[in-house]
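**Q** What would the 3D arrangement of this be:
(2 chains)
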There are 2 protein chains.
Amino acid sequence: MSEFTPLSELGEFGLIKLIKDKIELRHPSTVKGIGDDAAVLEPQEKQIVVSSDMLLEGVHFDLTFCPLKHLGYKAVAVNVSDIAAMNAKPTQITVNIALGARFTVEAVDELYEGIRLACENYNVDLIGGDTTSSRAGLVISVTAIGEVAKGEAVLRSGAKENNLICVTGDLGAAYVGLQILEREKQAFIANPEMQPELEGKEYVVGRQLRPEARMDVIHELKERGIKPTAMIDVSDGLASELLHICSQSKVGATIYKDNLPADEQMLETAMEFNLDPITCIMNGGEDYELLFTVPLEDYDKVKNHPDISIIGKITDASEGVNLANKQGQAFPLQAQGWVHF
Amino acid sequence: MSEFTPLSELGEFGLIKLIKDKIELRHPSTVKGIGDDAAVLEPQEKQIVVSSDMLLEGVHFDLTFCPLKHLGYKAVAVNVSDIAAMNAKPTQITVNIALGARFTVEAVDELYEGIRLACENYNVDLIGGDTTSSRAGLVISVTAIGEVAKGEAVLRSGAKENNLICVTGDLGAAYVGLQILEREKQAFIANPEMQPELEGKEYVVGRQLRPEARMDVIHELKERGIKPTAMIDVSDGLASELLHICSQSKVGATIYKDNLPADEQMLETAMEFNLDPITCIMNGGEDYELLFTVPLEDYDKVKNHPDISIIGKITDASEGVNLANKQGQAFPLQAQGWVHF
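**A** Sure, this is the predicted structure:
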């Protein structure tokens, strides 16, 4: 007596119908969503921004500890984060998924439940995509589209000498969260009776499993009249992202170790795993916070924001990109990022 | 002494640079291409259309007989075909790829050579995407964007009673081409000394390996002052696509067996494999021709086009969707499409 329905019982068209029937369209710019050869949009006088990312089972996520609903949410959030990093507002997404034969209709519905929830939270329309089978694991490829008024897009290339370097939220937690999940997985493999020990680790584990795109900060910056000179989202780690801004803006930077935002649970967990917290912050990645630069004149506007830390300043390119400690010693930064190949 | 460079020697950023450095941007609507969190486009007063498709090794293609350059070309062409089917002009694409460790830098370059060639032929800008590693096979996910003047997009839902049903080119060849390739693969597995026998099969094999999107027909229809009432591209097979048009337009259809366009080489090859040529035409799929309907008044405008066949007419929904033979007998159509799961 199984409560699960094999995908073969539904077929491709049945699956598309299942997904399509639960979709709500919210944006006036969405003229036609799922159901034709292509979706039709009408951005009017706006510029549009487009970003695309692909997540693969066994490379970007592990279904032994990543619930499908969170995974669906994350797949949308990481793409919305790229749209936020352009200072744009997300409007539509397409989602391509490839599913192995082991997937049930209920599992696919769970995945789309997360996708729908993210669409609701970020006010995005799911307008199309492709569902296909996979001989190997699950693959999710999302393309996000956003709108921005002409002249308002923020690139990586606009940072200027003496700009303040800001970052939202805290860093390194998603990485230590992953260490916890990997440890509990090993414990479970060794003894399947074992219950995962996640008590007191909810924050860091949540940062790994269900990150949020910082659209809230984009809206708040606009309200405070702040337009960043350069911006990028922190997906590969702070060091790597700062190096992107500096190389594209042809500037240097100094950031201050003491100003780096860290959560208590991240610090404790890093200690537990004998990890240097600064390495977690600088190279951990997957925090999906925003790293941006603002003119020095905006200091008063950003200094008291509870969710923004001023972590350094932009310098002349000749000074390089450095991490400075309290004693004034500076160490050149190196990008680590993800080693894929 | 190897001439091949492992991907690990280049790293992700090196690979992105390799891809990016060879890209030309052609469209005035492309404000910013690869190199930031998202691309920036300016469609101005136009509507935009968006379509996305994913191709997986072992499901959609077989690298034992599919050259990487053709695969790259095909990945773009099948997405452009969806844009064409909206009566729109393709303008930009994003390409996400996941690569196994066995891929060399030279192989990736070959794949992108095909992508670039398709971008050139279809006048499309490659504006972004994601490169990542895969534990299993190669995955390519493409999102295509196109432009269309407001009111000019052609949906599947506009077919009206007494409209003529037209199709471009010929059908069934891509499917029999695949049969040839599968047979030669088996022969090669049995005896690796064996050279593939493709003589006299160039057309059908070419249809499978390197299909073209029919943008030429879209331009010609416009020149002749024809706007289809409904349109779809033939990716899953004529029967399946016609059923989509009929169900979305709430109409019936009769198509005439004798009017179905077939190539000589396809007919011969179908015989060789003991396949019913009509089944190949109706359910073969992957031809990427355009199926469309036009008002009866346009008969004179379409009748002498060398690349358009008038294959039937739209009827009242109550008559169903039928294939009629010379004797006037009608058989209800059934969609087969791809059975993925």
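**Q** quick one: the residue in chain A that chain B sits nearest to from residue B:250, how far?
**A** For chain A and chain B, the shortest gap (Cβ to the nearest Cβ) falls at residue A:136, measuring 3.1 Å. (C-beta placed from N, C-alpha, C; glycine too.) Note on residue A:136: its distance to residue B:250, by Cβ to Cβ, to the nearest Å, is 40 Å.
**Q** Between the two, point out the one with more neighbours.
**A** residue A:136 (19 against 11; other Cβ atoms under 10 Å in any protein chain shown).
**Q** can you confirm the more buried one is in a strand?
**A** No: per DSSP: H, G, I helix; E, B strand; the rest coil, residue A:136 lies outside any strand segment and is coil.
**Q** That one contacts residue B:100, doesn't it?
**A** No: between residue A:136 and residue B:100 there is no contact under Cβ atoms under 8 Å: 10.1 Å.
**Q** any common contacting residues for the two?
**A** B:134-137 (Cβ atoms under 8 Å, 6 or more residues apart in numbering or on different chains).
**Q** farthest pair in the residues you listed?
**A** Farthest-apart pair in the shared contacts of residue A:136 and residue B:100 is B:135 and B:137; separation 9.2 Å (Cβ to Cβ).
**Q** Report the set of residues contacting both of these two.
**A** With Cβ under 8 Å, 6+ apart as the test, residue B:135 and residue B:137 both reach A:136, B:100.
**Q** neighbour-wise, which of the two wins?
**A** A direct count of neighbours by other Cβ under 10 Å for residue B:135 and residue B:137 places residue B:137 higher, at 19 against 13.
**Q** The closest residue to that one other than its chain neighbours bridge partners, please.
**A** Excluding the flanking residues, the one nearest residue B:137 by Cβ to Cβ, 6 or more residues apart in numbering or on different chains is residue B:57, at 3.0 Å. Beta-bridge partners for residue B:57, by DSSP bridges, are residue B:61.
**Q** With residue A:294 instead?
**A** residue A:164.
**Q** List the contacts of it.
**A** Contacts of residue A:294 by Cβ under 8 Å, 6+ apart are A:163-164, A:166, A:226, A:228-229, A:301-302.
**Q** gap between it and residue A:164?
**A** Taking Cβ to Cβ, one finds residue A:294 at 5 Å from residue A:164.
**Q** list the residues that contact both of the two?
**A** Common neighbours of residue A:294 and residue A:164 (Cβ under 8 Å, 6+ apart) are residue A:302.
**Q** Surely residue A:259 is in contact with residue A:312?
**A** Yes: at 6.9 Å, residue A:259 counts as touching residue A:312 under the criterion of Cβ under 8 Å.
**Q** which one of those two has more residues nearby?
**A** residue A:312 (24 against 13).
**Q** Enumerate every residue touching that one.
**A** With Cβ under 8 Å, 6+ apart, residue A:312 has these contacts: A:164-165, A:253-256, A:259, A:324.
**Q** now with 7 Å?
**A** A:165, A:253-256, A:259 (Cβ atoms under 7 Å, 6 or more residues apart in numbering or on different chains).
**Q** swap in residue A:105?
**A** Contact analysis of residue A:105 by Cβ under 7 Å, 6+ apart lists A:5, A:7, A:10.
**Q** so of these, which ones are in helices?
**A** Those of these mapping onto helices are A:7, A:10, per DSSP state H.
**Q** Surely residue A:210 touches residue A:70?
**A** Yes: between residue A:210 and residue A:70 there is a contact under Cβ atoms under 7 Å: 4.7 Å.
**Q** Confidence-wise, which of the shared contacts of residue A:136 and residue B:100 comes last?
**A** Among those, residue B:136 carries the lowest pLDDT, at 77.
**Q** so how far is residue A:139 from it?
**A** Residue B:136 is 9 Å from residue A:139, where distance means Cβ to Cβ.
**Q** same deal with residue A:118?
**A** Counting by Cβ to Cβ, the gap between residue A:118 and residue A:139 amounts to 18 Å.
**Q** wait, which of the shared contacts of residue A:136 and residue B:100 is closest to residue B:283?
**A** Relative to residue B:283, and with distances defined as Cβ to Cβ, the nearest of these is residue B:137, at 26.2 Å.
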